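In: the following comprises the amino acid sequence and a computationally predicted model.
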Amino acid sequence: MADWQNAGFGLYLHWPFCQSKCPYCDFNSHVAASIDQARWAEAYRRQIRASAELLQGRKLDSIYFGGGTPSLMAPQTVRAVLDEVRQCWAVSNDLEVTLEANPTSVEIGRFEGYREAGVNRLSLGVQSLLDEDLRRLGRLHSTQDAQKAFEVARQVFERVSFDLIYARQDQSLAAWRSELQRALDMAIDHLSLYQLTIEPGTAFGQRHAAGGLAGLPDEDLAGDMYDLTVETCASHGLDLYEISNFARPGAESRHNILYWSGGDYLGIGPGAHGRLTFEGIRNACVSASDPSVWLAGAESQSLPFWESRPLGGQERAEEYLMMGLRHRHGISLGRLMNMGADPGMPERIQEMVQAGMLNQDGERVRTTVRGRNILNAVLRELILGSK
């Protein structure tokens with residue numbers, strides 16, 4: 001069986017529009033006064049059909065509507081996409097279809113329509129359970145909105161996850177412990193808990209560079225918050241299965257696991273990325289990021305509207321290493337070397353094992369707790385050691 005088939009095949013569909021741009025966000029998202037939903041639905045359908053011509057004979061395991069804010073899509077748009085997908089590919093009996101949503105009243109009103117269209121998993125962008133911090137994060141909803149959205153979502157969908165951001169301005173360890181406890185009291189089976197990162201090119205990035213954003217936790221406090229997060233979630237039955245994701249057994253996001261385990265995935269929409277294997281060669285595919293450019297190209301071309309380039313062996317190996325070590329199951333050393341990792345990689349892995357950063361059980365390599373907490377440094381040692 002081909003390498004990508006072992007990890008599955010997924011579809012990521014990017015909806016690039018938001019009601020407003022959050023100051024911490026570096027995703028490809030845009031604010032638009034009006035959106036022609038029917039036109040966009042047809043563009044997505046055309047690209048799905050064109051892609052299916054190149055990807056025949058595959059079985060789809062997961063679909064993920066990301067953004068942007070996919071819950072600004074009309075349910076009819078989501079239905080049109082999913083109907084087209086089912087006409088183009090065979091799908092798994094337990095196909096996972098996730099849609100990201102924000103907890104505003106407009107979006108809550110669409111939940112029933114999304115379920116009827118075929119969505120079976122919702123990911124809510126809550127981000128904080130404190131109104132003042134929601135305001136600082138540029139969010140348009142309140143804590144009350146978030147709680148209402150969650151209650152509606154759990155009545156509509158069997159699987160509901162939500163996101164929180166920690167290590168925010170002026171946040172103490174005790175405050176995060178209290179907020180996390182509230183989140184766990186709400187949670188069904190999955191949480192995504194992210195440390196606030198200040199990305200270049202964002203509004204927060206500009207403020208931080210100018211000396212603003214006072215009160216951000218230092219590295220030690222942020223590390224304590226992470227340790228607290230892992231321990232507290234585990235005590236409530238939600239185990240860490242990836243650096244920032246926690247789930248009860250069997251409730252892990254199958255789409256994200258596909259990324260971390262090196263599966264193939266098709267990206268459709270402005271700025272969407274994909275990894276696709278043709279004739280044994282894995283390719284990096286990326287679409288035009290400007291929504292107007294992508295829409296025009298998707299409408300005018302009968303071929304998939306993306307740029308593609310083959311990944312070299314070392315590049316494939318590094319990507320697998322970077323993604324796989326985020327997951328609790330780690331990586332297969334044999335698979336890593338077969339991809340084309342440089343011959344010195346096993347020696348460097350052993351050095352990290354001796355340093356207490358990695359564990360190796362047969363050919364399986366995983367991070368230790370210590371290595372997980374400084375994963376970026378571990379990856380630098382493993383990858384840059386070959387340069």
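Out: Looks like it came in fine.

In: longest strand of the chain?
Out: Counting by DSSP state E, the longest strand found in the chain is strand 90-101.

In: other residues contacting the helix or strand just after that strand?
Out: Proceeding N to C from strand 90-101, the next assigned helix or strand is helix 105-108, under DSSP states H and E. Residues external to helix 105-108 that are found in contact with it (CB atoms under 8 Å, 6 or more residues apart in numbering): 69, 71-72, 101, 145, 148-149, 152-153. Bear in mind the C-beta positions are built from the backbone N, C-alpha and C, glycine included.

In: same thing with stretch 80-96?
Out: 11, 13, 41-42, 44-45, 48-49, 51-52, 55, 58-63, 97, 117-121, 253-255.

In: give me the below-cutoff pLDDT ranges for the stretch 201-350 of the chain.
Out: Within the stretch 201-350 of the chain, no stretch falls below the threshold (pLDDT under 70).

In: which strand residues bridge the residue nearest to Phe157 when sequence neighbours are not counted?
Out: Nearest residue to Phe157, sequence neighbours excluded (CB to CB, 6 or more residues apart in numbering): Leu122, at 4.8 Å. Counting by DSSP bridges, Leu122 forms beta bridges with Leu99, Val160.

In: give me the pLDDT for Leu122.
Out: We have a pLDDT of 97 for Leu122.

In: not counting its neighbours along the chain, what's nearest Trp294?
Out: Per CB to CB, 6+ apart, closest to Trp294 is Pro270, 4.0 Å.

In: actually Met186, sorry about that
Out: Nearest to Met186 is Phe150, by CB to CB, 6+ apart, at 5.8 Å.

In: hmm, Leu122 and that neighbour touching each other?
Out: No. Counting by CB atoms under 8 Å, Phe150 does not reach Leu122; the two are 9.4 Å apart.

In: okay, the two: which has more neighbours?
Out: Neighbours were counted for Phe150 and for Leu122 using other CB atoms under 10 Å; Leu122 has more, 26 against 21.

In: residues contacting the more buried one?
Out: 98-99, 101, 111, 114, 153, 156-157, 159-161.

In: would you mark the buried spots in stretch 314-323?
Out: If you call a residue buried by 16 or more other CB atoms under 10 Å, then stretch 314-323 has these buried ones: 316-323.

In: tally of neighbours for Gln56?
Out: Residues near Gln56, counting by other CB under 10 Å: 8.

In: again with Ile35
Out: Neighbours around Ile35, by other CB under 10 Å: 16.

In: where does it fall, helix, sheet strand or coil?
Out: coil (DSSP: H, G, I helix; E, B strand; the rest coil).

In: show me where the stretch 51-200 of the chain has its strands.
Out: Remark: strands assigned in the stretch 51-200 of the chain by DSSP state E, counting those that start in this stretch are 59-67, 90-101, 121-127, 159-166, 190-195.

In: quick check: Leu60 touching Gly10?
Out: Yes. Taking contacts as CB under 8 Å, Leu60 lies within contact range of Gly10: 7.0 Å.

In: what residue is smack in the middle of the protein?
Out: Asn256 (6.1 Å; CA atoms, centre = their mean).

In: contact partners for that one?
Out: 242, 245.

In: ok, it to Glu158 distance?
Out: Distance of Asn256 to Glu158, computed by CB to CB, to the nearest Å: 18 Å.

In: rewinding a little: turn the contacts of Leu122 into a markdown table, columns for pLDDT and distance to Val369.
Out: Output for the contacts of Leu122, formatted as a markdown table (pLDDT from 0 to 100; distance: CB to CB, whole Å):
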| residue | pLDDT | distance to Val369 |
| --- | --- | --- |
| Thr98 | 98 | 29 |
| Leu99 | 97 | 33 |
| Ala101 | 95 | 33 |
| Phe111 | 95 | 38 |
| Tyr114 | 97 | 38 |
| Ala153 | 95 | 33 |
| Val156 | 96 | 37 |
| Phe157 | 96 | 33 |
| Arg159 | 96 | 28 |
| Val160 | 96 | 29 |
| Ser161 | 97 | 24 |
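
In: can you redo the residues you listed as TSV with distance to Thr232?
Out: TSV is the format used below for the contacts of Leu122 (distance: CB to CB, whole Å):
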residue	distance to Thr232
Thr98	25
Leu99	28
Ala101	25
Phe111	29
Tyr114	31
Ala153	23
Val156	28
Phe157	25
Arg159	22
Val160	20
Ser161	17
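
In: how is this protein divided into domains?
Out: Per the record, the chain has its domains at 3-258, 330-387, by automatic domain parsing.

In: still on that earlier bit, sort out for me which of the contacts of stretch 80-96 are in helices.
Out: 41-42, 44-45, 48-49, 51-52, 117, 254-255 (DSSP state H).

In: list only those of those residues flagged as buried.
Out: Of the ones in helices among the contacts of stretch 80-96, these count as buried by 16+ other CB under 10 Å: 41-42, 44-45, 48, 51-52, 117, 254-255.

In: most widely separated two among those residues?
Out: Across these, no pair lies farther apart than Glu42 and Arg254, at 28.5 Å, counting by CB to CB.
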